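[1] just a sequence and a predicted model for now, questions to come.
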Amino acid sequence: MAQAFDVLSQDHAEVKQMLAELESGPTASSGASTSDLSQRKKVVEQLVIAESKHEAVEEMYFWPTVRDKVAGGDKLADTAIEQEQEGKEVLDKLDKLNANAPEFENLVRVLIKAAREHISYEETQAWPALRTALTAEEANELGRKIEQGKKSAPTRPHPRTRPSPGVLKSVGRAAAAADRARDAVTGRGN
């Protein structure tokens, strides 16, 4: 069983890889081919899916644990959730655009910067504080909840859904089911 930090670290590594691919890849303005732009959109789709799941389970399990176990945890969680809400807005817009849309690359740049800042915040501020507050058993249990939660988490950002654990555990499940049905019909994420 993986500790929460291992599960989240793996998510961060995958996101960082996709951000690097987007940052270095050809764009419409640099003369990218139709195939290149299609691949770029696919990377964005994968990023949207990964980030949507990741942020949902953090809001359901990780941030409530930070609030409960860490002195000053409310401030840490509030800052992170505010960053995540801003990220969801960008992800939602990106998810609806084609890679040749004029605003696509601007949003990609905004997302890359924001995602890196958010990952850094989590890894340097929240994780060290929570590591010292949890026993190994608690960290393992939190990791189990996060891994399980990702299996039924939304695959699209829902920026207008309140980021509270109760709301996400109820409304979020319905949104996740609808997301997965839409994904199956459209082939998104394949």
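    Sure thing, it's come through. Residues are numbered from 1 along each chain as shown.

[2] now the helices for the protein?
    Secondary structure of the chain (DSSP state H): helices at 4-24, 34-57, 63-69, 73-95, 104-121, 127-133, 136-151, 165-186.

[3] and the first one, what other elements does it pack with?
    For helix 4-24, the packing partners by 3 or more CB pairs under 8 Å, 6 or more residues apart in numbering; DSSP states H and E come out as helix 34-57, helix 104-121, helix 127-133, helix 136-151. (Each C-beta comes from the backbone N, C-alpha and C, glycine too.)

[4] who's in contact with the residue sitting nearest the centre point of the chain?
    By CA atoms, centre = their mean, the chain has its centre lying nearest to residue 51, at 2.1 Å. By CB atoms under 8 Å, 6 or more residues apart in numbering, the contact set of residue 51 is 15, 87, 91, 115, 157.

[5] please repeat the previous calculation with a cut-off of 7 Å.
    Each residue near residue 51 by CB atoms under 7 Å, 6 or more residues apart in numbering is listed here: 15, 87, 91.

[6] from residue 39, how far out is the last one?
    Residue 91 sits 18 Å away from residue 39, going by CB to CB, to the nearest Å.

[7] which one's more surrounded, the two?
    Shown here are residue 91 and residue 39; by other CB atoms under 10 Å, residue 91 has more neighbours (26 against 16).

[8] the more buried one: what's it in contact with?
    48, 51, 52, 111, 157.

[9] what's the neighbour count on the first one?
    In other words, residue 48. For residue 48, the neighbour count with other CB under 10 Å is 24.

[10] thought it was touching residue 97?
    No. Counting by CB atoms under 7 Å, residue 48 does not reach residue 97; the two are 11.0 Å apart.

[11] picking up where we left off before, distance to residue 30 added to the contacts of residue 51, as TSV?
    Listed next are the contacts of residue 51 as TSV, based on distance: CB to CB, whole Å:
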residue	distance to residue 30
15	23
87	25
91	23
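
[12] can you report phi and psi for residue 97?
    Residue 97 adopts backbone torsions of phi -110, psi 150, taken as degrees, to the nearest 10.

[13] tell me the pLDDT at the residue nearest to it when sequence neighbours are not counted?
    Once flanking residues are discounted, residue 97 sits nearest to residue 104: 4.8 Å by CB to CB, 6 or more residues apart in numbering. In this model, residue 104 is scored at 95, pLDDT.
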